[in-house]
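Student: Need a 3D model of the following:
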Amino acid sequence: MLEKLPHAVGEALTGVKAGADKAAFHAAFPEVPATIGVGSPAFADGAPIPARFTADGEGLSPPLAITNLPREAAALVLLVEDPDAPAINPLVHLIAWNLPPLTETIAEGEFPGPAGPGKRHDLGRNSFQKEAWLPPDPPPGHGPHRYLFQVFALARTAGLPASPGRGALLEAMAGNVIARGLLTGTYERS
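Tutor: Below you'll find the model as predicted:
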């Protein structure tokens, strides 16, 4: 959708960004140990996300590998945010909550999105108000965007209503996060 914005508009908005300090990993739970390893066989930490996982490709959710999960975890949360979006808060690309506590791999296309229905999970609303993977879709000329794949281990399963938004999710996680991990991928339209 944003690929249709004129390049000049993207350039004009380059200074408008939420900032990584507003992402959940940094803002909501800074005191929680960052001991969970999060990686992907599709891209390295800090490297570009292949186009097949973006709005310029198939729009699949990327595969993830998760390590060093605490044994006492009751559930996991995966929250994907873009802190470089031209908005006040990071753009939410995915909320998956109450994932099984021993989840060590998440398959390519695991979550519903433009590429297909995915598998059934407890999902929250992304910034476009859909219970799905929102593929990276930065405005042309806006510069590189970081996509933060944040994994949180919870001491207790999250009691949330169906289809929570970011605020409800973070509120339910308060005082319940025992470990966290982060993988950063990038994507840019020239």
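Student: contacts and neighbour counts: CA atoms only from here.
Tutor: Noted.
Student: what mean pLDDT does the longest helix anywhere in the chain have?
Tutor: For the chain, the longest helix by residue count, based on DSSP state H, is helix 166-173. What helix 166-173 shows for mean pLDDT is 96.
Student: Starting from that helix, tell me the next helix or strand along the chain.
Tutor: Sequence order places strand 177-187 as the next helix or strand after helix 166-173, per DSSP states H and E.
Student: For that following strand, which helices and strands make contact with it?
Tutor: Applying 3 or more CA pairs under 8 Å, 6 or more residues apart in numbering; DSSP states H and E, we find strand 177-187 packed against strand 37-39, strand 145-154.
Student: Now do the following helix or strand past the first one: everything it contacts.
Tutor: Sequence order places strand 64-67 as the next helix or strand after strand 37-39, per DSSP H and E. Under the contact criterion CA atoms under 8 Å, 6 or more residues apart in numbering, strand 64-67 has outside partners Ile36, Gly37, Val38, Gly39, Ser40, Pro41, Thr103, Glu104, Thr105, Ile106, Ala107, Glu108.
Student: If I look at the nearest residue to the fifth one once chain neighbours are set aside, what pLDDT would I see?
Tutor: To tie it back to what came earlier, the one meant is Ser40. Leaving out its chain neighbours, the residue that sits closest to Ser40 by CA to CA, 6 or more residues apart in numbering is Leu64, at 4.4 Å. On the pLDDT scale, Leu64 is placed at 98.
Student: that older thread, pull out the buried residues from the contacts of strand 64-67.
Tutor: Ile36, Gly37, Val38, Gly39, Ser40, Glu108 (16 or more other CA atoms under 10 Å).
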